[in-house]
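Visitor: predicted coordinates and the sequence they were generated for:
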Amino acid sequence: MHFENSLSFAQSCDNKDNLIKFRELFYIPQHNGKSSIYFTGNSLGLQPKAASEALNQELEDWKNLGVEGHFQGKNPWFSYHHFLTENSAKIVGAKSHEVVVMNQLTTNLHLLFISFYRPTALKYKIIMETGAFPSDMYVVESQVKLHGFDPKEAIIEIKPRENEYHLRQEDIDIILELHRDSVALVFFSGVQYYTGQVFDIKKITEKAHSIGALAGFDLAHAAGNIELKLNEWHVDFAAWCSYKYLNSGPGSVGGVYINEKFANDNTLPRLAGWWGHNEKERFKMLKGFQPEFGAAGWQLSNAPVFSMAIHKVSLEIFATAGINNLVRKAKELNAYLEFIIKDSIQSNPKLSLNIITPSAPERGCQISLLTDDNGKKLFDHLTLNGVIADWRNPNVIRIAPVPLYNTFEDIYEFGTILKLF
Ligand SMILES: *Cc1c(COP(=O)(O)O)cnc(C)c1O
């Protein structure tokens, strides 16, 4: 595609964009009386304007109905998680019975590991990317210890080659092959939070299965960002949070996918609670856990309705926009961002920026920029000029224009601010 570094070009792209109206559905944080350039939808998505009304509906039902809200509310709380399943399933490419919304991400990873990390004396290793999100590292480390293994031996981290920033699929394959018979689980992120690399979930899953291991993914930075086909790719399990690309508010409820081949598998160990019990029998208060069919059978507690109310409206926005349309626009925004960054670097020799995110298709919305000693100063310059980006130690600035509310004009403006540094 042909790009120009001009306001009129950026505006003409926005005029042609049939998703532009979705920006109106969100509150954009203000800076000096005008909309900031919000590039951190990968960290905390913006608030949908419909959130407060949705939340208020549940507060009103609680106020007016008390406990009756479980069955008499506008959206009965007893079945609240069902309202989220289908729209979540569309986002991750799963069947409805493979998905449930519950708890939060790290909690869900632990629950999934209890069921799907089943090490034996000979087959006990977990293979993962190096530099994974800290919570994921702690999950893996503590799960390995829970089973009596030494993390140093049981966790194999794959590193990029020297002077490279992201992993090559061929290297992932080689490591899996090398540890072949001793691998119990391959656990990766879908999109690496630091580098922005999109992993080939399909290939990693195939390779894991070929050595008799399971494949699980943390989709925190992938859900709502890239195209996912978890069912078609035969992924065993996955989990994600709802507050990044999915715009459902700080600490909001998480999502889980469990492949349908486990839907009826009552032999799997799991930590159980009453909300995962056969729904028809739940209030009989009987002894003896009978899991609900599918992912819903992994629930523990009754639904956190206030978080879910916001998640529900947010998922409805995704369903209206269509994840495929969003992914297509994200690619265009991202390509324009790369063009603007490169053009700015050329015209301002003070900018020391290195794009460490691999090229499309190995990227989603995010571009990670490796900086030099002046990196923090550049970051402060961006902040002072109304760009909300994020800084990740030691020296990376992450920029993530998202298709629901960012514009080509945002990206053009970002370029003018870069040039002024
Ligand atoms: C954001 C993120 C988390 C955060 O976990 P919470 O349990 O929601 O606090 C975990 N893992 C990854 C990969 C993330 O990007």
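Guide: Good, I have the coordinates.

Visitor: now do the helices in the protein.
Guide: For the chain, applying DSSP state H gives helices covering 7-16, 51-65, 69-72, 82-92, 105-116, 134-146, 151-154, 169-179, 201-210, 305-321, 323-347, 375-384, 408-419.

Visitor: residue contacts, the residue in the stretch 151-300 of the chain that the ligand sits nearest to?
Guide: Relative to the ligand, the nearest point of the stretch 151-300 of the chain is residue 220 (3.2 Å; Cβ to the nearest ligand atom). To be clear about C-beta, it is placed using only N, CA and C from the backbone, and glycine gets the same treatment. With contact set as Cβ atoms under 8 Å, 6 or more residues apart in numbering, residue 220 has these partners: 105, 133, 189, 190, 193, 240, 241, 244.

Visitor: distance check, the second one against the ligand.
Guide: Right, the one you point to is residue 133. Note on residue 133: its distance to the ligand, by Cβ to the nearest ligand atom, to the nearest Å, is 3 Å.

Visitor: quick check: phi and psi at that residue.
Guide: When read as degrees, to the nearest 10, the backbone of residue 133 gives phi -50, psi 140.

Visitor: run a quick neighbour tally on it.
Guide: Neighbour count of residue 133, defined by other Cβ atoms under 10 Å: 18.

Visitor: quick one: pLDDT of the closest residue to it other than its chain neighbours?
Guide: Of all residues not flanking residue 133 in the chain, residue 193 sits nearest, at 5.1 Å (Cβ to Cβ, 6 or more residues apart in numbering). What the model reports for residue 193 is a pLDDT of 96.

Visitor: got the contact list for residue 193?
Guide: Residue 193 is in contact with 42, 133, 220, 221, 392, counting by Cβ under 8 Å, 6+ apart.

Visitor: phi and psi next, for it.
Guide: Given degrees, to the nearest 10, the pair of backbone angles that residue 193 has is phi -70, psi -30.

Visitor: ok, now residue 219?
Guide: With angles defined as degrees, to the nearest 10, residue 219 sits at phi -100, psi 30.

Visitor: and the residue nearest to it when sequence neighbours are not counted, what does it touch?
Guide: Of all residues not flanking residue 219 in the chain, residue 240 sits nearest, at 3.9 Å (Cβ to Cβ, 6+ apart). Counting by Cβ under 8 Å, 6+ apart, residue 240 makes contact with 92, 105, 218, 219, 220, 222, 223, 246, 254, 255.

Visitor: rerun that using 6 Å as the cut-off
Guide: Applying Cβ atoms under 6 Å, 6 or more residues apart in numbering, we find residue 240 in contact with 219, 220, 223, 255.

Visitor: for residue 150, which non-adjacent residue is spatially closest?
Guide: Once flanking residues are discounted, residue 150 sits nearest to residue 144: 7.7 Å by Cβ to Cβ, 6+ apart.

Visitor: ok, the one you found touching residue 152?
Guide: No - here residue 144 does not reach residue 152: they are 9.5 Å apart, not a contact under Cβ atoms under 6 Å.

Visitor: so those two - more neighbours on which side?
Guide: Legend: neighbour count by other Cβ under 10 Å for residue 144 and residue 152, higher for residue 144 (24 against 8).

Visitor: any idea how far that one is from the ligand?
Guide: Computed as Cβ to the nearest ligand atom, the residue 144 to the ligand distance reads 17 Å.

Visitor: okay, that residue: pLDDT?
Guide: Residue 144 carries a pLDDT value of 98.

Visitor: enumerate the residues of the stretch 101-250 of the chain near the ligand.
Guide: 104, 105, 106, 133, 135, 136, 189, 193, 218, 220, 221, 241 (Cβ under 6 Å from any ligand atom).

Visitor: let me know the pLDDT of the second one.
Guide: As predicted, residue 105 sits at a pLDDT of 98.

Visitor: that one: neighbour count?
Guide: Counted with other Cβ under 10 Å, residues neighbouring residue 105 total 25.

Visitor: which residues touch residue 292?
Guide: Residue 292 makes contact with 276, 278, 279 under the criterion Cβ under 6 Å, 6+ apart.

Visitor: what about 8 Å?
Guide: 276, 277, 278, 279, 299.

Visitor: same deal with residue 108?
Guide: Applying Cβ under 8 Å, 6+ apart to residue 108 gives the contacts 102, 239, 254, 255, 256.

Visitor: wait, residue 43 sits on residue 247?
Guide: No - taking Cβ atoms under 8 Å as the contact criterion, residue 43 and residue 247 are not neighbours in contact, 11.6 Å apart.

Visitor: neighbour count winner among these two?
Guide: Under the criterion of other Cβ under 10 Å, the comparison of residue 43 against residue 247 puts residue 247 first, with 28 against 18.

Visitor: run a quick neighbour tally on the closest residue to the more buried one other than its chain neighbours.
Guide: Distances taken as Cβ to Cβ, 6+ apart put residue 45 closest to residue 247, at 3.3 Å, once the chain neighbours are dropped. By the criterion of other Cβ under 10 Å, residue 45 has 25 neighbours.

Visitor: check residue 45 and give its pLDDT.
Guide: 98.

Visitor: got a list of what it touches?
Guide: Neighbour list for residue 45: 224, 243, 244, 245, 246, 247, 248, 314, 402 [criterion: Cβ under 8 Å, 6+ apart].

Visitor: try 6 Å
Guide: Contacts for residue 45 (Cβ under 6 Å, 6+ apart) come out as 244, 245, 247.
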